[in-house]
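> this one's structure only:
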C-alpha cells in the first residue's frame with residue numbers, strides 16, 4: 001500500500017515535535033561541556049559522531065568529575081547497547097547497500113526508532129525513522145552549539161536558569177517510560193543503590209558502570225520464569 005500525503009505529514013509533524021522537545025537537553029549538554037572545559041568543536045564532535053543523548057551526558061559527566069577516558073567511554077557504551085536491539089527491530093525496513101545501512105545507522109536512537117517502529121508498513125517505518133532521526137540530529141547539534149558557545153561566556157547562567165537541573169532530568173526523562181515495567185523498576189532500584197554505595201569510595205565513572213551490573217541480579221529470575229526480558 002502506497003503511503004498517503006496525510007500519513008507523511010503526520011509523521012513529519014511528530015518527528016519535528018519530538019526534535020523540539022529534545023532540544024532543551026541539547027542546550028543542557030552544550031552547557032555541561034562549557035562548564036567542563038570542553039571546547040566547541042569537541043562538543044559538536046560528541047553530538048554529531050556519538051549522537052546518543054544519555055551516553056553523551058554520561059561520558060562528559062565522568063570527564064567533568066576527573067574520571068578516566070576509559071571510564072567515560074565504558075559508561076557511554078553501556079548506555080548505548082540498547083541500539084543493538086533497535087537495529088534488529090528496524091533492519092527489515094532499512095534494507096539497502098552496506099553504505100546506506102552504515103549511514104542511516106547513525107540515526108539509530110530512541111526517538112527515531114519509536115517513530116519508525118510505530119508505523120504499519122516498511123515504507124512508513126523507514127520514512128518515520130529517517131524523519132525522526134534527522135529532526136533530532138539537526139536540532140540536537142544546533143542546541144549543543146548554542147549551549148557550548150553562549151553559555152561558555154556566562155557560567156553563572158547555567159545555575160541562574162536552572163539548566164544544571166536538566167542534566168539529571170534528562171537521564172530520568174530517557175528512562176521514565178521504561179519504569180512502567182516491574183522488572184525495569186527492580187533493575188533501576190538495584191542500579192541506583194549500587195551507585196550510591198560506590199560514589200564515596202570509587203573514582204568518577206565507576207558507579208555508573210557498576211550500576212549497569214544490576215541486570216545480572218534480575219536475569220536469573222527471568223530465566224527461572226521462562227520468559228524473555230523486555
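Perfect, I can see it now. This structure is a prediction, so every number in the text was calculated from the model and none was measured. Numbers count the residues shown, from 1 in each chain.

> going forward, measure contacts between C-alpha atoms and count neighbours the same way
Will do.

> next, residue 65: phi, psi?
When quoted as degrees, to the nearest 10, the phi and psi of residue 65 stand at phi -90, psi 20.

> per-residue pLDDT, it?
You'll see residue 65 listed with a pLDDT of 75.

> give me the number of residues near it?
Each residue near residue 65 was counted by other C-alpha atoms under 10 Å, and the total is 12.

> how close does residue 15 sit to residue 189?
Residue 15 is 32 Å from residue 189, where distance means C-alpha to C-alpha, to the nearest Å.

> these two: who's more crowded?
Neighbour count, other C-alpha under 10 Å: between residue 15 and residue 189, residue 15 has more, with 26 against 14.

> for the closest residue in space to that one that isn't next to it in sequence, grab the count of nearby residues.
Leaving aside its chain neighbours, residue 15 sits nearest to residue 132 (4.5 Å; criterion: C-alpha to C-alpha, 6 or more residues apart in numbering). By other C-alpha under 10 Å, the residues close to residue 132 number 30.

> thought residue 132 was touching residue 112?
Yes: at 4.3 Å, residue 132 and residue 112 qualify as touching, with contact defined as C-alpha atoms under 8 Å.

> between the two, what contacts are shared?
residue 15 (C-alpha atoms under 8 Å, 6 or more residues apart in numbering).

> so what's the residue count around residue 100?
11.

> identify each buried residue in the longest helix along the chain, please.
Counting residues, the longest helix found in the chain (DSSP state H) is helix 5-35. The neighbour-count check on helix 5-35 (16 or more other C-alpha atoms under 10 Å) flags 11-12, 14-16, 18-19, 22-35 as buried.

> over to stretch 88-104?
In stretch 88-104, counting by 16+ other C-alpha under 10 Å, buried: 90, 93, 94.

> try stretch 135-151
For stretch 135-151, the neighbour count (16+ other C-alpha under 10 Å) marks 135-137, 139-151 as buried.

> out of the buried residues of stretch 88-104, name the ones that lie in helices.
Using DSSP H, those in helices are residue 90.

> now pLDDT and distance to residue 61 too, for the buried residues of stretch 88-104, in a markdown table please.
Formatted as a markdown table, the buried residues of stretch 88-104 follow (pLDDT from 0 to 100; distance: C-alpha to C-alpha, whole Å):
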| residue | pLDDT | distance to residue 61 |
| --- | --- | --- |
| 90 | 85 | 31 |
| 93 | 87 | 35 |
| 94 | 88 | 34 |
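
> residue 193: which of the buried residues of stretch 88-104 is nearest?
residue 90 (34.0 Å; C-alpha to C-alpha).

> residues contacting that closest one?
Neighbouring residues of residue 90 by C-alpha under 8 Å, 6+ apart: 113, 116, 117, 125.

> tell me the most packed of the residues you listed, by neighbour count.
Neighbour max across the contacts of residue 90 (other C-alpha under 10 Å) = residue 116, 27 neighbours.

> isn't that one right up against residue 128?
Yes: applying C-alpha under 8 Å, one finds residue 116 in contact with residue 128, separated by 4.4 Å.

> mind listing the helices for the protein?
Assigned by DSSP H, the chain shows helices spanning 5-35, 40-45, 53-64, 69-80, 82-90, 98-104, 110-117, 122-150, 155-160, 166-175, 182-198, 206-211, 214-225.

> so where's the protein shaky on pLDDT?
For the chain, applying pLDDT under 70 flags the ranges 1-3, 82, 85, 151-178, 203-205, 208-209, 212-230.
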